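>>> Predicted model and sequence below, questions to follow.
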Amino acid sequence: MAVQASTAPAVVEHRQSGMPTPLVGMLLFIASEVMFFGGLFAAYFNSRATHAAEWGPPGGHELEAWPLATILTILLVTSSVTMQFGVAAIRRGDQGRLRMWVGLTLILGVLFLLGQLYDYSQLGFGISDGIFATTFYTLTGFHGAHVFGGAVGLTILTARAMSGQFTARNHVAVEAISMYWHFVDVVWIGLFFTLYFLR
């Protein structure tokens, strides 16, 4: 008796190799953001070179690194550390520690934003008060917008972590948000030293 060959299509197993696609997408997005902030830094240094004689905060105001700007920097750097602790926790499959560290990162990010708004209220000059003021608010404002975007991502991450959606084998979103948050941190360090020490 002849055995009839099966005409059913063969099931092809696709195994992912290399970096997950969402992480590649995040890296490409960060690369575009590097170029964006590179353009803003270039505009700052070009303006500084062009207007060297009158460069600085208008109306005799000063930008003081201590205490507020330094405290904000410490908050953001610390939040980068807590975010990495969260990544390490979920790589071990520890969902409780993930929730704790991501939640703490979110709190630190929100405190940074509130501190930046308070700093704006104390500076004594606005965005239209000369070329220095315009570049200062443009640089710090765009960075603040990126921190806000990161805080939104951390909020979603926290909600997903609370419902137990991440495991040691499935946590690509945690890694992606972590990469973005570290980028935001590095940009602020560059801004902090540029604006407060290289004037």
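Received it, and whenever you're ready, just let me know what you need.
>>> And the helices in this structure?
21-50, 70-91, 95-123, 131-162, 172-197 (DSSP state H).
>>> residues of the longest one that come out buried?
When you say that, I think you mean helix 131-162. Neighbour-count burial for helix 131-162, counted by 16 or more other Cβ atoms under 10 Å, picks out 131-137, 139-140, 142-144, 146-147, 150-151, 153-154, 157-158, 160-161. (C-beta placed from N, C-alpha, C; glycine too.)
>>> The shortest one too?
Neighbour counts over helix 70-91 (16+ other Cβ under 10 Å) mark 72-73, 75-76, 78-80, 82-83, 86-87, 89-90 as buried.
>>> just the first one next, same as before
For helix 21-50, the neighbour count (16+ other Cβ under 10 Å) marks M26, I30, E33, F37, L40, F41, Y44, R48 as buried.
>>> residues touching L23, list them.
Residues near L23 by Cβ atoms under 8 Å, 6 or more residues apart in numbering: V172, E175, A176, M179.
>>> Show the buried residues in those residues.
Applying 16+ other Cβ under 10 Å to those flags E175, A176, M179 as buried.
>>> Just to check, the second one is in contact with L27?
No: look at A176 against L27 with Cβ atoms under 8 Å: they stay out of range, at 9.0 Å.
>>> Okay, now the unreliable bits of the protein?
1-17, 199 (pLDDT under 70).
>>> The residue nearest to Q84 when sequence neighbours are not counted and A161, how far apart?
Nearest residue to Q84, sequence neighbours excluded (Cβ to Cβ, 6 or more residues apart in numbering): S178, at 6.7 Å. Using Cβ to Cβ, to the nearest Å, S178 is found at 13 Å from A161.
>>> For Y120, see how far away Q165 is.
Q165 is 37 Å from Y120, by Cβ to Cβ.
>>> ugh, wrong one, M26
29 Å.
>>> Which among the helices of the chain is found nearest to L63?
Taking Cβ to Cβ, helix 172-197 is the member of these nearest to L63, at 5.6 Å.
>>> Now do the same contact list for S121.
The contact partners of S121, taken as Cβ under 8 Å, 6+ apart, number zero.
>>> any idea how far L111 lies from P57?
25 Å.
>>> Same question for Y44.
Using Cβ to Cβ, which is the criterion applied here, Y44 is 14 Å from P57.
>>> do Y137 as well
Y137 is 11 Å from P57, by Cβ to Cβ.
>>> likewise V110?
Taken as Cβ to Cβ, the span from V110 to P57 is 27 Å.
>>> Roughly how far does the closest residue to W188 other than its chain neighbours sit from P22?
Leaving aside its sequence neighbours, W188 sits nearest to L76 (Cβ to Cβ, 6+ apart; 5.2 Å). Separation of L76 from P22 (Cβ to Cβ) stands at 24 Å.
>>> repeat for V152
In terms of Cβ to Cβ, V152 sits 17 Å off from P22.
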